[in-house]
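Visitor: For reference, the sequence and a predicted model appear below.
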Amino acid sequence: MAHHDPIHLIAPRAGLAQLNERSRDIFRQIVESYLATGEPVGSRNISRLIAMPLSPASVRNVMADLEQLGLIYAPHTSAGRLPTELGLRFFVDALMQVGDLNETERQSIQSQLATVGQAQSVEAALDQALTRLSGLTRAAAVVLTPKSNARLKHIEFVRLEPEKALVILVGEDGQVENRVLTLPPGVPSSAITEAGNFLNARIRGRTLAEARLELETALAEARAELDQLTQKVISAGIASWSGGENEDRQLIVRGHANLLEDLHALEDLERVRLLFDDLETKRGVIDLLGRAETAEGVRIFIGSENKLFSLSGSSTIISPYRDAAGHIVGVLGVIGPTRLNYARVIPTVDYAARIVSRLLGG
């Protein structure tokens, strides 16, 4: 189910595959302790947790080997040990058993996402899905979705200059989008009014993609009834909606407050502040999430495996969702600290993406 970006996959060192059962058990206890508490764990505590009887001194010897392999490190002198990002990747890839959701958990997620299908628009449905997902995972939930999902209600042209007009698009969900349009030379006000009437008679209730297809066909059929300048205004209006690839996508983030929970030290607060800056910038997050649009299944980025989050030490778990035709139309998932509960969050994101696909007709 999980898929990792080959560009950022940390190649396992030869030594990792040779870890014996005792070393794996000790390493697993260090990681699971970190995921549960965020705190370093020492050899004395590990010796009490592992199945086989080992003295703290023997545990320390194994920890020294794990440290040499780059799997763990000591944040302070004489402190316990924490997993490195390489260690977390090794844990996720080789040791962790992704907790397949049981029937009760599946029903809980399904009931929490049930209202998504009753929303008035795709944006509202995704908004509800994110709110539920952030609550389930206690992380920030994100979605990258095409703007063209919005259904249109009205369009209006407002002339700014002789050859410039403001195009105002109003969605059924109340969203308003403005574009500046270059008008053909010599266009009279009557042609602008006629173009607006032509478009408003055909766009209501349609997405931008549907409206573009409908209008191109309608315009071809109505050429005899419209003068050339009006046709040019309509064509320019349709073209202005196309935008670039990036302009057609939007990033929605919900659950920022979850990132402020369970902070242990000033450095945790600084990490969250940097993550907020990354989310505010958006551009990098959109690029990161866009990678999942070309892949099947869940993708996992841990810490500096992605440059965007190298400073904030954050992890991202994302999965694509589909439309009725089975095409990937967006990506949703969560962003949080590297000590996310991967075994639970990975199947939750995967299941949420499948629920959203089904509710959106995929």
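Guide: Ah, there it is. Numbers count the residues shown, from 1 in each chain.

Visitor: quick one: the helices in this structure?
Guide: 14-17, 21-37, 43-49, 56-68, 85-90, 103-113, 122-137, 189-203, 208-221, 228-242, 266-281, 283-290, 342-359 (DSSP state H).

Visitor: Any chance of those helices in CSV with distance to S315 and mean pLDDT as columns?
Guide: For glycine as for every other residue, the C-beta is placed from the backbone atoms N, C-alpha and C. Formatted as CSV, the helices of the chain follow (distance: least, CB to CB, whole Å; pLDDT from 0 to 100):
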stretch, distance to S315, mean pLDDT
helix 14-17, 20, 58
helix 21-37, 11, 91
helix 43-49, 24, 90
helix 56-68, 21, 92
helix 85-90, 8, 91
helix 103-113, 20, 78
helix 122-137, 11, 81
helix 189-203, 41, 88
helix 208-221, 33, 76
helix 228-242, 35, 75
helix 266-281, 11, 74
helix 283-290, 12, 73
helix 342-359, 8, 86
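
Visitor: now the ones you listed in JSON lines, with distance to R151?
Guide: Output for the helices of the chain, formatted as JSON lines (distance: least, CB to CB, whole Å):
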{"stretch": "helix 14-17", "distance to R151": "51"}
{"stretch": "helix 21-37", "distance to R151": "42"}
{"stretch": "helix 43-49", "distance to R151": "55"}
{"stretch": "helix 56-68", "distance to R151": "55"}
{"stretch": "helix 85-90", "distance to R151": "42"}
{"stretch": "helix 103-113", "distance to R151": "21"}
{"stretch": "helix 122-137", "distance to R151": "8"}
{"stretch": "helix 189-203", "distance to R151": "9"}
{"stretch": "helix 208-221", "distance to R151": "9"}
{"stretch": "helix 228-242", "distance to R151": "13"}
{"stretch": "helix 266-281", "distance to R151": "27"}
{"stretch": "helix 283-290", "distance to R151": "23"}
{"stretch": "helix 342-359", "distance to R151": "16"}
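
Visitor: possible to save those as a markdown table with distance to E296 and mean neighbour count?
Guide: A markdown table is the format used below for the helices of the chain (distance: least, CB to CB, whole Å; neighbours: other CB atoms under 10 Å):
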| stretch | distance to E296 | mean neighbour count |
| --- | --- | --- |
| helix 14-17 | 26 | 13 |
| helix 21-37 | 27 | 19 |
| helix 43-49 | 37 | 16 |
| helix 56-68 | 33 | 16 |
| helix 85-90 | 20 | 23 |
| helix 103-113 | 21 | 14 |
| helix 122-137 | 20 | 22 |
| helix 189-203 | 34 | 18 |
| helix 208-221 | 23 | 15 |
| helix 228-242 | 28 | 18 |
| helix 266-281 | 26 | 15 |
| helix 283-290 | 15 | 17 |
| helix 342-359 | 11 | 21 |
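
Visitor: looking at those helices, which is closest to Q97?
Guide: For the helices of the chain, proximity to Q97 was assessed by CB to CB; helix 342-359 is nearest, at 6.7 Å.

Visitor: so how far is that closest one off the chain centroid?
Guide: The chain centroid and the centroid of helix 342-359 are separated by 12 Å under CA atoms, centre = their mean, to the nearest Å.

Visitor: which one of the helices of the chain lies closest to S319?
Guide: helix 342-359 (3.9 Å).
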